[in-house]
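In: What follows is a predicted protein model with its sequence.
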Amino acid sequence: MTSPTSPANGALSGFRILDFTHVLAGPFATRILGDLGADVVKVTSAARPGNTPSHPYYAMWNRNKRNLALDLSRDDGRALCRRLAEKADIVIDNFSVGVLDRWGLGYGSVSQANPGVIYVQMSGMGDGGPWSEFVTYAPTVHALSGLTYLTGVPGHTDIGLGFSYNDHLSGLHGAVAVLAAVEARRATGEGQRIDFAQFEVGVNFAGPSLLDLFANGRAAQPTGNRLPYDDAAPHNCYPCQPTGPGVVNERWIAIACMDNDQWHALRQLMGNPAWAMDERYSSAIGRTANVAALDEHVAEWTRPMAAEQVMALCQANGVPAGVVQSGADLAEADPQIARDNFLAPVDDPDPASPVMVYRDRLPLYFSKTPANAYLRPHAVGEDNVDVLGDWLAMGADEVRQGEQDGLLA
Amino acid sequence: MAETDGTTGLSGVKLLDLVDERAIYGSKLLADLDANVVRVEPPGGELLRGRGPFKGDVPGPTNSLWHAFFASNRHSMTVDGTTDAGRRQLHRLLMWADVVIDSGALAEAGIDLEEELARRPELVGVRVTSFGPEGPWKSYLAPDLVASALGGLAATTGDVDTPPLKGFGEIAFYISGSYTAIAALSALHHARATGEGQLVDVNVHECIASCLEHVLMWYWYHDSLPLADGPVLPRRGALHWSDGYDVIAAKGGSIMVTPTPNPNAQIAWLAEEGAHQDLLEVDLSDPTALIGLLKQITDVMRPWVAEKDVEQFFFEAQRRHMPYGWVLPLDKVVDNPQLAAREWWQPYDIDGESVQGPGAPYHFSAIPQEIATYTKPGAATESILAEIGWEDDA
């Protein structure tokens, strides 16, 4: 079947995904799969908290999905959901471990009737273990995995990332897991269950440092913008001319000299000042050893200039440099983003809504199966008739009856 | 390579791996799921083998732990792309592969990926570039720090008294790497179903910009968000955009605290300990007021948290089903009982020496992921040449 809400020639066209995910990590996974043309049916309920399609946070992660309202607190709701699961290629959730089992919708049960079904269960801590009931959000995972500790400057280990990185990374891994299981099923005809712990995705960020700890007994420490193991300097963000008062008006340029040639080019751009010709700065090791003084000198050079000017100068001379871009920079000043129409309103704005819904497109460009359709998030139950007609051949009258008696609401 | 019976995982996928650090995590994801991955290296080994940290702190062909993590489970093949024989070997590999992922190595060898795809229509080609193949920044250099800055990752990380910060390690390229794996597998799925391969461009810059949680939301919807003060959220340490999450120094360490998802439970806990009984009077039923109340609650939590023993406090919070996170250094992370109970750590066979290392980010019921094998550069050259039927007939 071709999904009505996705490009007809998407790479995953014809795939049916039953989506119980909420908040960010899971919906981001299914957003990607929907962008690729899968028929993603988001199961929700007006009675369940956390599903507010009018909220911008929901709008960000739930485009290109159909919405089915279903009251899973009712026996007949769970029975109907079971029929949907038996038709699905993928069932995906980020509930606490065991919720779908308690509803009679677990993999062990559904796979008896639908042996090709693939379950991706994206819990915080995974199925089993003494912490399996722990409650986690991305900032929780950042803290427990070492990412918060390590993303900071020496002596200031309470900074961490300023956004929910691990939710995105979990979503990406969720999509990889689905696609890998699909490929495996091609060979065997069998589906499988993927036990997915967002915590384990998080710990994986420190792969080389963890090997270092096991092999060499050394626990990594925060290094700010410097590379933790390799000599590369200058390698930092440097202040430029602000556009006004306050932190939000600060302007910064990231400069990363990865080798001596790039340092020599930067040195020339700075006018070969006497300090830069000092023997201490002639090698990457020397520059790294004297990085505080080096950074201050570079900052003196960047401070009076516009960040965009520094970037253009550096890049034109083979020095890696980039403006520290805010959301406003990305949307208003970034020529690559503008060129690709990467940020834009959705294709089908709701004429009844006063709020325009925007989207960032999938950053993958397929020559034969383009992911070019971006449709607005749907309201709770908006697709009841279409979904139940497509998946279960239910008639519209039967669906409307279910809506009236609260089953499909 | 991990043990397979030939029918599990991605063992039927032949992947030619020609990517640098921007996408090496993607080929790692596929290799760790049993894909048959040939990673091409120049004579003497690729430059990425020079990335620290090193086993025993000594650089060497198989001593880079960075490279061992990202480039295990590959068949390493030496190809000199500057020679005619090397270029013909690459052509032969392109005839062998189901999927090729490339971040510029083919062009360096004088091979045009689009011509190869035209010659072999069932082939999937994934091309990874920092900014896309066209546009004013197409030639810009963007190692991790620069990519993090331009992609929007650094702007909200750091504090008022620090520069903007990139995340530790290669976290920006974990994103582009993961997208690369998605590109390869989804295009492969289409090719399996239809016989039609294609070119997929992975734009690293946009990959990063797609994973910023609130940053673009703040820009687009700031007029309707109760907390927003203009379209740009300032850099402000660990304090989350919602004002509902923060990292606070307690006794013995720091902890991430939040009154979400159940502010009532947090207020009850505070009141239980005699702190801020006044919060019991607040009305949490109004969603508009709730956001302001989260800030109020977080503010009153700070001095309360400061007096707590961090370890006991963390476990008590989790006992109460509150998603607090103890800020742990890596030497504590490796002792985590949850990871131990789930047998998460796995051995890395680094050129014959076993080193404990990170496990897989997911557990498939029917795909084994048991060991990571890391070899010398070119260790599989002879066997791969035999597999692709190479005879140097120059």
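Out: Ah, there it is. Numbers count the residues shown, from 1 in each chain, chains lettered A, B, ... in the order given.
In: Following the chain past the helix ranked longest in chain B, name the next helix or strand.
Out: Taking DSSP state H as the criterion, chain B has its longest helix at helix B:171-194. Once the chain leaves helix B:171-194, the next helix or strand it forms, by DSSP states H and E, is strand B:198-203.
In: mind checking how far the helix or strand just after that next one is from the chain centre?
Out: Downstream of strand B:198-203, the first helix or strand assigned by DSSP H and E is helix B:204-209. Its chain's C-alpha centre and that of helix B:204-209 lie 13 Å apart, by CA atoms, centre = their mean, to the nearest Å.
In: what sits up against helix B:204-209?
Out: Contacts to helix B:204-209, defined as CB atoms under 8 Å, 6 or more residues apart in numbering or on different chains, come from residues A:330, A:336-337, A:340, A:342, A:360-361, A:363, B:22-23, B:128-132, B:137, B:142, B:147-148, B:150-153, B:172-173, B:175-176, B:179, B:216. The C-beta positions use only the backbone N, C-alpha and C, and glycine is treated the same way.
In: Quick check: buried residues in that helix?
Out: Residues of helix B:204-209 classed as buried: B:204, B:205, B:206, B:207, B:208, B:209 (neighbour count, 16 or more other CB atoms under 10 Å in any protein chain shown).
In: Repeat that for stretch A:210-217.
Out: A:210, A:211, A:212, A:213, A:214, A:215.
In: Might you report the residue contacts of the second one?
Out: Residue A:211 makes contacts with B:53, B:65, B:68, B:69, B:348, B:355, B:357, B:358, as judged by CB under 8 Å, 6+ apart.
In: which one of the buried residues of helix B:204-209 is nearest chain A?
Out: residue B:206 (3.5 Å; CB to the nearest CB).
In: contacting residues around the closest residue to residue B:204 other than its chain neighbours?
Out: In space, and not counting its chain neighbours, residue B:204 is closest to residue B:176: 4.2 Å by CB to CB, 6 or more residues apart in numbering or on different chains. Residues counted as contacts of residue B:176 (CB under 8 Å, 6+ apart) are B:22, B:23, B:25, B:26, B:128, B:202, B:204, B:207, B:208.
In: List the contacts of stretch A:377-390.
Out: For stretch A:377-390, the surrounding residues in contact (CB under 8 Å, 6+ apart) are A:1, A:4-5, A:39, A:41-42, A:44-46, A:51, A:53, A:58-59, A:62-63, A:65-69, A:357, A:394-396, A:398-400, A:402-403, A:408-409.
In: would you list every one of the strands in chain A?
Out: Assigned by DSSP state E, the strands in chain A fall at A:16-19, A:39-44, A:66-69, A:90-93, A:118-123, A:193-197, A:235-240, A:251-256, A:321-323, A:343-345, A:358-360, A:364-366.
In: got the CA positions of the first one in PDB?
Out: Looking back up the chat, that one is strand A:16-19. Presented in PDB, the C-alpha positions along strand A:16-19 are these (Å, rounded to 0.1, in the frame of the first residue of the first chain):
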ATOM      1  CA  ARG A  16       3.300  -0.200   8.000                       C
ATOM      2  CA  ILE A  17       4.500   1.100  11.300                       C
ATOM      3  CA  LEU A  18       2.400   1.000  14.500                       C
ATOM      4  CA  ASP A  19       3.800   3.800  16.600                       C
END
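In: what pairs with it, and is each one parallel or antiparallel?
Out: Take DSSP bridges as the rule and strand A:16-19 pairs in its sheet with strand A:39-44 (parallel), strand A:90-93 (parallel).
In: Put together TSV for the contacts of residue B:176, with pLDDT on each row.
Out: Putting the contacts of residue B:176 into TSV (pLDDT from 0 to 100) gives the following:
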residue	pLDDT
B:22	98
B:23	98
B:25	98
B:26	98
B:128	98
B:202	98
B:204	98
B:207	98
B:208	98
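In: Can you tell me which of those is nearest residue B:225?
Out: Comparing the contacts of residue B:176 against residue B:225 with CB to CB places residue B:208 closest, at 22.8 Å.
In: nearest residue to the closest one other than its sequence neighbours?
Out: In space, residue B:208 is closest to residue B:151, 2.9 Å off (CB to CB, 6+ apart).
In: re earlier: among the contacts of residue B:176, which pair sits farthest apart?
Out: Farthest-apart pair in the contacts of residue B:176 is B:26 and B:208; separation 14.1 Å (CB to CB).
In: who's in contact with residue 150?
Out: Went with chain A since none was named. By CB under 8 Å, 6+ apart, the residues touching residue A:150 are A:157, A:206, A:209, A:220, A:221, A:222, B:168, B:169, B:329, B:330.
In: actually it's chain B I care about, not the one you picked
Out: With contact taken as CB under 8 Å, 6+ apart, residue B:150 is in contact with A:254, A:322, A:323, A:325, A:334, B:142, B:205, B:208.
In: Try it again at 6 Å.
Out: By CB atoms under 6 Å, 6 or more residues apart in numbering or on different chains, the contact set of residue B:150 is A:322, A:325.
In: Lowest-scoring secondary structure element of chain A by mean pLDDT?
Out: Within chain A, no helix or strand scores below helix A:99-102, which has a mean of 92 by mean pLDDT, DSSP states H and E.
In: and it, how far out from the chain's middle?
Out: Mean-position distance between helix A:99-102 and its chain equals 26 Å (CA atoms, centre = their mean).
In: returning to what we had before: columns distance to residue B:35 on top of the contacts of residue B:176, output as JSON lines?
Out: Below are the contacts of residue B:176 laid out as JSON lines (distance: CB to CB, whole Å):
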{"residue": "B:22", "distance to residue B:35": "19"}
{"residue": "B:23", "distance to residue B:35": "14"}
{"residue": "B:25", "distance to residue B:35": "14"}
{"residue": "B:26", "distance to residue B:35": "11"}
{"residue": "B:128", "distance to residue B:35": "17"}
{"residue": "B:202", "distance to residue B:35": "17"}
{"residue": "B:204", "distance to residue B:35": "22"}
{"residue": "B:207", "distance to residue B:35": "21"}
{"residue": "B:208", "distance to residue B:35": "25"}
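In: Walk me through the domains of the chain.
Out: All of this is about chain A. A:16-204+A:339-404, A:235-324 (automatic domain parsing).
In: try chain B instead
Out: B:14-210+B:343-387, B:237-327.
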